[in-house]
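> coords below, sequence missing:
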């Protein structure tokens with residue numbers, strides 16, 4: 001399994017720092033504290049954890065890879081974060 005043997009993290013799309021302005025414009029933390037976010041195809045990216053660190057508290061991250069989800073859950077299992085193996089197609 002690709003993610004079991006892969007060391008470190010990799011942001012496939014972008015980091016939270018790169019998307020921060022977009023999130024603040026369309027989903028400001030202070031006005032959406034109870035809203036949930038869905039991260040589709042999270043892979044071995046730290047994006048979900050960065051969202052949580054920025055103040056978003058209800059985050060579900062999904063990926064088709066069981067090894068990716070297992071790895072990310074082990075690294076970033078925090079209150080309000082859910083990790084699920086799921087196909088988004």
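Sure thing, it's come through. The model shown is predicted, which means the values in this text are computed figures rather than measured ones. Numbering: from 1, shown residues only.
> ok, residue 43 touching residue 62?
No. If you go by C-beta atoms under 8 Å, residue 43 and residue 62 don't touch, sitting 10.3 Å apart. (Glycine included, C-beta is placed from N, CA and C.)
> would you state the strands of this protein in chain order?
All strands of the chain, identified by DSSP state E, fall at 36-40, 58-63, 81-85.
> any idea which of those is most buried?
Stretch with highest mean neighbour count among these: strand 58-63 (a mean of 21; mean count of other C-beta atoms under 10 Å).
> so for that one, what's the average pLDDT?
Averaged across strand 58-63, the pLDDT comes to 96.
> picking up where we left off before, now the strands of the chain as TSV including distance to residue 20?
Output for the strands of the chain, formatted as TSV (distance: least, C-beta to C-beta, whole Å):
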stretch	distance to residue 20
strand 36-40	14
strand 58-63	15
strand 81-85	19
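> show me the contacts for the closest residue to residue 73 other than its chain neighbours.
Nearest residue to residue 73, sequence neighbours excluded (C-beta to C-beta, 6 or more residues apart in numbering): residue 83, at 4.2 Å. Contacts for residue 83 (C-beta atoms under 8 Å, 6 or more residues apart in numbering) come out as 42, 60-62, 69, 72-73, 77.
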